[in-house]
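Asks: build me a model from this:
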Amino acid sequence: MSGHCILSHGLHSSPDASKVTAMAKVAESLGWSSERPDYRDLDASGTPDDAHRRVQRLVDAARKARQPLVLAGSSMGAWTSGLASLQVECVALFLMVPPVTLPHDLPRLDAASVPTTVVQAWHDELIPALDVVGWCRERSAKLILVDDTHRLESHVDFVAEEFGLFLRSLS
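Replies: Next up, the predicted model:
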C-alpha cells in the first residue's frame, strides 16, 4: 500500500524541521507522497491561541489529499493531527510527544479510532510522559518511550525508521 502522508510540525518549528523532513524522506522512499503544511503564521504569538485554525488548515489539506491518508505530527502538530483525524478519513496516525491537554480551554487530545503509534520522551520537559502513557492505554495505541527530551533531538533517525516500519505495517 502507498498513499499520502501529511506531516505537521510543532508550535516553535517549521515544515523544514528535522523530524518531519526525515519522515518525509522515508515516506517517499517507500512510495508514499507527502506534504508538510506551514503553520508558522498561526504560531506567531508563540502560544496555542490559533490551534483551531491549525486544525482547519490540516483538514483542508487532508480533504484535497489522495487516499489512503496518514496524519503525523510532533507536539502541537500531533495534537492538530489527532483532532483533524476526527473530521477527515485517514487510515492511521503517527504522533510524537503529543500534548494530551493544552491551556487556553483547548480540547483534550482526541483522535479517530485508527491504528496509532506514539513516540514519547521520558524526560519531556513540556508534556508529562505518564499523561501520554495514560492516553495511549485508553486507546490501546502503540507507545514507544525513548530516553530523550521534548524535541527528540537524539532520536530523529530513530523516529524516521519507526515511521518507515509504521507505513510498511499498513500494507
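
Asks: name the SS class of the residue nearest to the spatial centre of the chain, please.
Replies: Residue closest to the mean C-alpha point of the chain, counted by Cα atoms, centre = their mean, is Gly73 at 1.9 Å. Of the three states, Gly73 takes strand according to DSSP: H, G, I helix; E, B strand; the rest coil.

Asks: cool, Val70 as well?
Replies: Under three-state DSSP, the three-state class of Val70 is strand.

Asks: just to revisit the earlier point, the residue nearest to the centre of the chain - nearest residue in space that isn't next to it in sequence?
Replies: Once flanking residues are discounted, Gly73 sits nearest to Ser8: 3.5 Å by Cβ to Cβ, 6 or more residues apart in numbering. For the C-beta atoms, the positions are set from N, CA and C on the backbone; glycine is no exception.

Asks: the one you found touches Tyr39, doesn't it?
Replies: Yes: with contact defined as Cβ atoms under 8 Å, Ser8 reaches Tyr39; the gap is 7.1 Å.

Asks: give me the common contacts of the two.
Replies: Counting by Cβ atoms under 8 Å, 6 or more residues apart in numbering, the shared contacts of Ser8 and Tyr39 are 54, 76-77, 80.

Asks: and those, which is closest to Cys90?
Replies: Here the nearest of those to Cys90, counting by Cβ to Cβ, is Thr80; it sits at 12.6 Å.

Asks: next up, phi/psi of Pro103, please.
Replies: The phi/psi pair for Pro103 (degrees, to the nearest 10) reads phi -70, psi -170.

Asks: please work out how many residues are found near it.
Replies: Burial measure for Pro103: 9 neighbouring residues, criterion other Cβ atoms under 10 Å.

Asks: that one and Thr47, how far apart?
Replies: Taking Cβ to Cβ, to the nearest Å as the measure, Pro103 and Thr47 are separated by 8 Å.

Asks: try His150
Replies: 16 Å.

Asks: more neighbours, the two?
Replies: Set side by side, His150 and Thr47 show more neighbours around His150, with 18 against 12, by other Cβ under 10 Å.

Asks: and the nearest residue to Ala121 once chain neighbours are set aside, what element?
Replies: Nearest residue to Ala121 in three dimensions, chain neighbours excluded: Asp148, at 4.2 Å (Cβ to Cβ, 6+ apart). Counting by DSSP states H and E, no helix or strand carries Asp148.

Asks: ok, Asp148 - contacts?
Replies: 121-124, 154-155.

Asks: likewise for Ser33?
Replies: Counting by Cβ under 8 Å, 6+ apart, Ser33 makes contact with 3-5, 27, 66.

Asks: going by distance to Arg139, which of the residues you listed wins?
Replies: The shortest approach to Arg139 among the contacts of Ser33 belongs to Cys5, at 20.4 Å (Cβ to Cβ).

Asks: cheers, nothing more for now.
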